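Asker: What shape does this take:
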Amino acid sequence: MQNFFDFTGKVVLVTGASSGIGRATAEFFGECGASVAVSYLKNKEGADAAVAAISGGQAVGAASGAETSSVSGGRKAVAVQADVTKNAEITRMIREVEENLGAIDILVNNAGSLVERLKTAELTEERWDEVFALNVKSAFFAAQAVSPKMLEKGAGVIINVTSIAGRNGGAPGSIHYSAAKGAMTTMNKGLAKEFANQGIRVNGVSPGVIDTPFHETFSTPAAMKNFADNVIPMGRVGTSREVAQTIAFLASDAASYLCGETIEVNGGMLMD
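Answerer: Predicted structure coming up:
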């Protein structure tokens, strides 16, 4: 029987991969044999730890501009610092990944944040633009940057990490974030339609309430307990690894006929 979670020989780039869902995704792909690029903005310690976990050893200084890299049994990992709200930084990031690991087979657009909770009257143009750049612009231009080589090969996978907030409007004070994630879901469909007959599969994952640093920052312990006790039918919040496994499924040949879909990973909190 085919092992659909064998990614040996594949190169995976995960943005926002120094903690939470991104880190769990990077490490899971590493467990499955892939060479993994761990993209991060500020959390170098977390990125280096992810590289070490993937390679099974200590992260060391890398050549070609990448911050850290390591190799274990043919499996490679590299950490690359980049501000993915800037197209020039995305271009540099892709180049460094290609120089260290090779052409990217799987792109996971995970970078994103609420930044801060703000009511409508408090939300400035600058904050609105920042959140859209971080969540939507970054994903589009990363997809644009990796697509030429995927098209040359006639194969590739792009997975966009959205949020339940893009479906239900989010919690109070998150309209900028929920609007951005809603835009990501729509963008996901547009990219999928454009590339579907050229060998590139584009799909999305929409996490619900997941136990990550995101909720440590933006949700109170009382709110998290209420979600588990009264809102989520499964009676608990999710884990980063559960989302990572769904992302890996979408990247695998087991999902070969899925196109433009966004899978909800929320314990039944929101059902179609």
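Asker: which residues of the chain fall in helices?
Answerer: 20-31, 44-55, 87-101, 125-132, 138-153, 165-168, 175-195, 213-218, 221-226, 240-251 (DSSP state H).
Asker: Please identify the deepest-packed of those helices.
Answerer: Ranked by mean neighbour count under mean count of other CB atoms under 10 Å, the helices of the chain are led by helix 20-31, which reaches a mean of 26. For the C-beta atoms, the positions are set from N, CA and C on the backbone; glycine is no exception.
Asker: Could I get the helices of the chain in JSON lines, plus columns for mean pLDDT?
Answerer: JSON lines is the format used below for those (pLDDT from 0 to 100):
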{"stretch": "helix 20-31", "mean pLDDT": "97"}
{"stretch": "helix 44-55", "mean pLDDT": "95"}
{"stretch": "helix 87-101", "mean pLDDT": "97"}
{"stretch": "helix 125-132", "mean pLDDT": "97"}
{"stretch": "helix 138-153", "mean pLDDT": "98"}
{"stretch": "helix 165-168", "mean pLDDT": "94"}
{"stretch": "helix 175-195", "mean pLDDT": "97"}
{"stretch": "helix 213-218", "mean pLDDT": "70"}
{"stretch": "helix 221-226", "mean pLDDT": "84"}
{"stretch": "helix 240-251", "mean pLDDT": "98"}
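Asker: and of the ones you listed, who's closest to residue 272?
Answerer: For the helices of the chain, proximity to residue 272 was assessed by CB to CB; helix 165-168 is nearest, at 9.1 Å.
Asker: Need the residues that contact that closest one.
Answerer: 171, 174, 177-185, 206, 264, 270 (CB atoms under 8 Å, 6 or more residues apart in numbering).
Asker: Let me have those residues in a markdown table, extended by distance to residue 129.
Answerer: Formatted as a markdown table, the contacts of helix 165-168 follow (distance: CB to CB, whole Å):
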| residue | distance to residue 129 |
| --- | --- |
| 171 | 21 |
| 174 | 16 |
| 177 | 13 |
| 178 | 16 |
| 179 | 12 |
| 180 | 10 |
| 181 | 16 |
| 182 | 16 |
| 183 | 13 |
| 184 | 16 |
| 185 | 20 |
| 206 | 23 |
| 264 | 28 |
| 270 | 28 |
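Asker: of these, closest to residue 117?
Answerer: Distances from residue 117 to those, taken by CB to CB, are shortest for residue 174, at 6.0 Å.
Asker: And for the closest one, the neighbour number?
Answerer: 22 (other CB atoms under 10 Å).
Asker: Then residue 119?
Answerer: Quick note: residue 119 (other CB under 10 Å) scores 10 neighbours.
Asker: pretty sure it contacts residue 176?
Answerer: No - under the criterion of CB atoms under 8 Å, residue 119 makes no contact with residue 176, lying 10.7 Å away.
Asker: got the contact list for stretch 114-123?
Answerer: With CB under 8 Å, 6+ apart, stretch 114-123 has contacts from 127, 130-131, 134, 171-177, 214, 218.
Asker: can you tell which of the helices of the chain is closest to residue 234?
Answerer: helix 240-251 (10.6 Å).
Asker: what's the angle from the closest one to helix 20-31?
Answerer: 60 degrees (axes from the mean of the first three to the mean of the last three CA atoms, to 10 degrees).
Asker: Include distance to residue 8 when you put the helices of the chain into a markdown table, please.
Answerer: Converted to a markdown table, the helices of the chain look like this (distance: least, CB to CB, whole Å):
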| stretch | distance to residue 8 |
| --- | --- |
| helix 20-31 | 11 |
| helix 44-55 | 13 |
| helix 87-101 | 13 |
| helix 125-132 | 37 |
| helix 138-153 | 17 |
| helix 165-168 | 34 |
| helix 175-195 | 24 |
| helix 213-218 | 30 |
| helix 221-226 | 37 |
| helix 240-251 | 13 |
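Asker: And the ones you listed: which comes nearest residue 260?
Answerer: helix 175-195 (3.3 Å).
Asker: Can I get stretch 180-198 in PDB, CA atoms only?
Answerer: C-alpha atoms of stretch 180-198 as PDB (Å, rounded to 0.1, in the frame of the first residue of the first chain):
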ATOM      1  CA  ALA A 180      -8.200  39.300   5.600                       C
ATOM      2  CA  LYS A 181      -8.800  35.600   6.200                       C
ATOM      3  CA  GLY A 182     -12.000  35.700   4.100                       C
ATOM      4  CA  ALA A 183     -10.000  37.300   1.300                       C
ATOM      5  CA  MET A 184      -7.500  34.400   1.600                       C
ATOM      6  CA  THR A 185     -10.200  31.900   1.100                       C
ATOM      7  CA  THR A 186     -11.400  33.600  -2.000                       C
ATOM      8  CA  MET A 187      -7.900  34.000  -3.300                       C
ATOM      9  CA  ASN A 188      -7.400  30.300  -2.700                       C
ATOM     10  CA  LYS A 189     -10.200  29.500  -5.200                       C
ATOM     11  CA  GLY A 190      -8.900  32.000  -7.800                       C
ATOM     12  CA  LEU A 191      -5.400  30.500  -7.700                       C
ATOM     13  CA  ALA A 192      -6.800  27.000  -7.800                       C
ATOM     14  CA  LYS A 193      -8.800  27.800 -10.900                       C
ATOM     15  CA  GLU A 194      -5.800  29.400 -12.700                       C
ATOM     16  CA  PHE A 195      -3.300  26.600 -12.000                       C
ATOM     17  CA  ALA A 196      -5.600  23.400 -11.900                       C
ATOM     18  CA  ASN A 197      -4.900  22.200 -15.400                       C
ATOM     19  CA  GLN A 198      -1.200  23.000 -15.200                       C
END
